[in-house]
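Chemist: take this sequence and fold it.
(one chain, ligands or ions: 1)
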Amino acid sequence: MAADDIGNVRLGTRRGGQRTLSTPPWRAPVVRVRASTAEDEAAARALAARLSLDIAPRPTPGDDAAPWTLLVDGHRRMLARPDGVRLELDFVGGRTAARQQEAGLARQPLARALGVTRLRRRLHRLPTVVDATGGLGRDAWFAAALGCPVTVIERSPIVHALLESALDVAARTPATAQTAARLTLLLGEASQRLDRLGARFADVIYLDPMYPPVRRRAAVGKGMQFLHDLLGPAETSASLLDAALATAGCQVTVKRPSGAPSLDGGATFAGQRTTIASPGTRYDLYLHLDPIAGTR
Ligand SMILES: C[S@@+](CC[C@H](N)C(=O)[O-])C[C@H]1O[C@@H](n2cnc3c(N)ncnc32)[C@H](O)[C@@H]1O
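Modeler: Numbering: from 1, shown residues only. Got it, this is the predicted structure:
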């Protein structure tokens, strides 16, 4: 399988190396679960039952039927698109793992946007983070690599299943086990999960909902193209930012494309708003005025 590393995302093709990209209008794809080998069949059946998906039979030679397939291969899971392109999240190899070794992580725009150094000075410990829109897990892994305890929420059961296996593999790998141990993964709609976690559950709540549709698909990374194909157009309600503001002990950080409007919500927010810009991206920060009292 040919494979590219795109952050923690490995994309590869099976059939003749051809990559074709699906086009709108978007329809929710039907995904089936498939075992890679006979040994994986029990795990594939259990995953299919958990996700309420059908099982796809293992392909026979010459079988060209290619629906969306969630492949189970030992501890690994991959999502295959009908064009043969596969998505696997990987925190052990690739750029996300390599980035963890880079010097100056704490000076990168995302670290500044999460307020890691500022809050560490104020709290005398590293801030706790909820990444309420887990996605490909890159930003959550980055925060965990900085040393922050991170709770990740993802509402798509399929994306959650991909994150779960990537974290499982990372936890079994000595070089990444420590970072993986800082991450807790939850499945669900973030506003509901945050309501249940309660006020000041974490110091920082991070939101990176799907970007509004872009005219040129190439303008978004290939991992994000894959998510757009799987999840469809962005849908974010004001209740997400409001739930985040009610849950964050110190601040909410929202990632937006440069030039995009702010996320809806926050009408009654009385704290300080500021932004951090990086190429192509803007982070909107909502800083609570009395961030310390009661923060865990
Ligand atoms: C743009 S991606 C996030 C990318 C992520 N920051 C990363 O580093 O890979 C958005 C993800 O958030 C999830 N999502 C969006 N809104 C959500 C919500 N209200 N609750 C839970 N998950 C949500 C989507 O299913 C999608 O997987």
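Chemist: show me what from the stretch 51-200 of the chain comes close to the ligand.
Modeler: Residues of the stretch 51-200 of the chain found near the ligand (C-beta under 6 Å from any ligand atom) are 133, 135-139, 153-156, 159, 189-191. C-beta here means a position set from N, CA and C on the backbone, and glycine is covered the same way.
Chemist: out of those residues, which sit inside strands?
Modeler: Counting by DSSP state E, those place 153-154 in strands.
Chemist: which among the residues of the stretch 51-200 of the chain next to the ligand end up buried?
Modeler: For these, a burial check counting by 16 or more other C-beta atoms under 10 Å picks out 133, 135-139, 153-155, 159, 189-191.
Chemist: ok, now which ones touch Phe142?
Modeler: For Phe142, the contact set (C-beta atoms under 8 Å, 6 or more residues apart in numbering) comprises 96, 99, 105, 108, 110-111.
Chemist: quick one on the thing from earlier: which of the residues of the stretch 51-200 of the chain next to the ligand sit farthest apart?
Modeler: Pairwise distances across those peak at 22.3 Å for Arg138 and Ser191 (criterion: C-beta to C-beta).
Chemist: ok so, going back, closest one of the residues of the stretch 51-200 of the chain next to the ligand to Thr69?
Modeler: Closest to Thr69, out of all of these and judged by C-beta to C-beta, is Val159, at 15.0 Å.
Chemist: can you check the pLDDT for the closest one?
Modeler: Here, the pLDDT recorded for Val159 equals 98.
Chemist: over to the one 4 residues further on?
Modeler: Here the pLDDT value assigned to Leu163 is 98.
Chemist: and for it, the neighbour number?
Modeler: As a burial measure, Leu163 scores 26 neighbours (other C-beta atoms under 10 Å).
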